[in-house]
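*Asks:* Sequence first, predicted model second:
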Amino acid sequence: MDVITTNVPTQDNSRKTQCARILRLLIEARGSWVPSPEIADCALQYNARLFELRRLGFVIENKTETDEAGVRRSWFRLVSSPLSDTKRPRHPWKNAFSQRRMRNETLPLFAGVRS
């Protein structure tokens with residue numbers, strides 16, 4: 001019996017695709033508020049994908065409102081991206097790692113070892 005392999009997206013690829021869909025939706029809105037049901041259509045766990053986008057440096061605002069019947073609604077919008085904000089590092093941990101590595105490179109290799 002032959003084993004047939006299919007292009008089943010891995011969890012990592014699926015997350016990236018969901019992030020890309022949400023990001024495209026927010027970009028196409030051009031700063032307007034996007035209702036959460038539209039974002040939920042892109043990803044079941046859309047809050048996790050929004051968190052990932054924020055960690056990458058995208059500034060995404062959200063607002064919520066509750067009507068008289070007690071129904072809560074929320075919206076999201078893209079404020080800026082890492083490309084539009086050159087002062088913000090793309091990965092916040094990258095600068096800390098670089099500074100630590102530079103500091104370690106300036107120390108002698110065998111500090112405190114006597115021959």
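*Replies:* Nice, thanks for sending it over. Everything numeric in this text was worked out from a predicted model, so none of it was measured.

*Asks:* only C-alpha atoms for contact and neighbour calcs from this point on.
*Replies:* OK.

*Asks:* low-scoring stretches of the chain, by residue?
*Replies:* Flagging of the chain using pLDDT under 70 yields the residue ranges 1-11, 84-115.

*Asks:* Against which helices or strands is the longest helix along it packed?
*Replies:* As assigned by DSSP state H, the longest helix anywhere in the chain is helix 11-28. Of the remaining helices and strands, those touching helix 11-28 by 3 or more Cα pairs under 8 Å, 6 or more residues apart in numbering; DSSP states H and E are helix 46-55, strand 72-80.

*Asks:* Neighbouring strands of whatever helix or strand comes next after that helix in the sheet, and parallel or not?
*Replies:* Next in sequence after helix 11-28, counting helices and strands by DSSP states H and E, comes strand 34-35. Using DSSP bridges, strand 34-35 pairs in its sheet with strand 72-80 (antiparallel).

*Asks:* burial count for Arg72?
*Replies:* Arg72 has 10 neighbouring residues, counting by other Cα atoms under 10 Å.

*Asks:* Test of understanding: give the bridge partners of it.
*Replies:* Assessed by DSSP bridges, Arg72 has beta-bridge partners Thr66.

*Asks:* That one and Ser36: what is the separation?
*Replies:* 11 Å (Cα to Cα, to the nearest Å).

*Asks:* ditto for Ala69
*Replies:* The gap separating Ala69 from Ser36 is 19 Å, by Cα to Cα.

*Asks:* Good, wrapping up.
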